[in-house]
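Participant: Build me a model:
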Amino acid sequence: QVQLVESGGGLVQAGGSLRLSCAASGLTFSDYSMGWFRQIPGKERDFVASISWSGAATYYADSIRGRFTISRDNAKNTVYLQMNSLKFEDTAVYYCAVNTGGFGPRLKTKAAYAYWGQGTQVTVSS
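Facilitator: Numbering: from 1, shown residues only. Below you'll find the model as predicted:
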């Protein structure tokens, strides 16, 4: 079955950086676009970034554009989220997901993603 395992979260001071990784198994990784979402307790899970199967196309939420970079290594079945200039409001659990809905209008919605990891906590201290 499809498994996604996130890692790289932790505690960092505001202005610092973290790189999240998501290792995928149980699927032909290079066939799928991938995405990152984040969630604060009691809030909706929000879109952060997405990357096409080849890595040629990327999309970002307005709140993180210019600070975060999504990338992938198809040889390692891994997608990354490099997070720079972190802010207190970036504190959340970060999830990676497999995009099965395509790069259409639903790209930034949870409905376009079929498989999810367990999440990794990112805490930014102010």
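Participant: Just the element for the residue nearest to the spatial centre of the chain, please.
Facilitator: Most central in the chain under Cα atoms, centre = their mean is residue 36, positioned 2.0 Å from the mean C-alpha point. Element membership of residue 36, judged by DSSP states H and E, is strand 33-39.
Participant: What are the buried residues along the helix or strand immediately after that strand in the chain?
Facilitator: The helix or strand immediately downstream of strand 33-39 is strand 45-51, counting by DSSP H and E. By 16 or more other Cβ atoms under 10 Å, the buried positions in strand 45-51 come out as 45, 47, 48, 49, 50, 51. For glycine as for every other residue, the C-beta is placed from the backbone atoms N, C-alpha and C.
Participant: would you list every one of the strands in the protein?
Facilitator: Ranges of strands within the chain are 3-7, 10-13, 18-25, 33-39, 45-51, 58-60, 68-73, 78-83, 92-99, 113-116, 120-125, based on DSSP state E.
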